[in-house]
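Engineer: with the input below, show me the fold.
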Amino acid sequence: MTIDFEKDRMQSVEQIDSAKRLSDKCLELKDLEDEIANAEESVKKLKEKAKQVSTVEIPAMMDEMQITKLKLKDGESVEIKKIYGAYIPAEQQAAAFTWLRNNGLGDIIKNDITVTFGKGEDNKAAEYAVLAKGQGYEPIQKIGVHPQTLKAMVRERLESNQDVPSDLFKPFEGNQTKITRRN
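Structural biologist: Just a heads-up that it's a prediction; the model follows:
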């Protein structure tokens, strides 16, 4: 057996060079991930500031000036739009659904039942569609109101001065600045 020190030394140098390049790429990735995190944080702060200006500062200034719409020099316009929202707290869900049904709004409640079958159980799934619980499976039932549907119901009722129980639906009403841009 012969030992080739020159060949072994060259392989060691190549391995060191490869390890250095790999290390450099790992550091580059780490720097890029840090830059992305910083950029995302900056965007988050900009969005928060824009929301503050849009929903509080401009509406307050226009209200103080008794202006509802403003035309800018460049032809774009600014106006304040009412925004509405609501949600149903989990602990109030049953009472909220009862209130909706008692006030003729039960049709906005969605009632989904889901049953999960394993691989190769297509026949059982077809039977279950007809027999439901007869096959020993327990369906998962989800009852709820789609957020956009709830928002529309709250908007309609508030705009027509109808009651919306705040303890059941947590409705809110606010302003938002809308800038119409020219193309």
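Engineer: ok, for the spatially most central residue of the chain, nearest residue in space, not its chain neighbours?
Structural biologist: Residue closest to the average C-alpha location in the chain (CA atoms, centre = their mean): P147, at 11.2 Å. Setting aside the residues directly before and after it, P147 is nearest to Y87 in space (CB to CB, 6 or more residues apart in numbering), at 7.3 Å. Quick note: C-beta positions are derived from backbone N, CA and C, even for glycine.
Engineer: just say helix, strand or coil for the one you found.
Structural biologist: Judged by DSSP: H, G, I helix; E, B strand; the rest coil, the three-state class of Y87 is coil.
Engineer: what is the neighbour count of it?
Structural biologist: 16 (other CB atoms under 10 Å).
Engineer: need the strands for the protein, in chain order.
Structural biologist: In the chain, the strands defined using DSSP state E lie at 69-71, 77-85, 109-114, 140-145, 172-180.
Engineer: give me the domain ranges for the chain.
Structural biologist: The chain breaks down by automatic domain parsing into domains covering 5-67, 70-180.
Engineer: any idea of the mean pLDDT for the shortest one?
Structural biologist: When pLDDT is averaged along domain 5-67, the result is 90.
Engineer: work out the gap between it and the centre of the chain.
Structural biologist: 22 Å (CA atoms, centre = their mean, to the nearest Å).
Engineer: quick one: the residue nearest to the centre of the chain and A60, what's the gap?
Structural biologist: For P147, the distance to A60 (CB to CB, to the nearest Å) stands at 28 Å.
Engineer: I'd say the residue nearest to P147 and F172 touch.
Structural biologist: No. Counting by CB atoms under 8 Å, Y87 does not reach F172; the two are 9.1 Å apart.
Engineer: can you give me every residue that contacts the residue nearest to E79 when sequence neighbours are not counted?
Structural biologist: Nearest residue to E79, sequence neighbours excluded (CB to CB, 6+ apart): K69, at 4.3 Å. Applying CB atoms under 8 Å, 6 or more residues apart in numbering to K69 gives the contacts 77-79.
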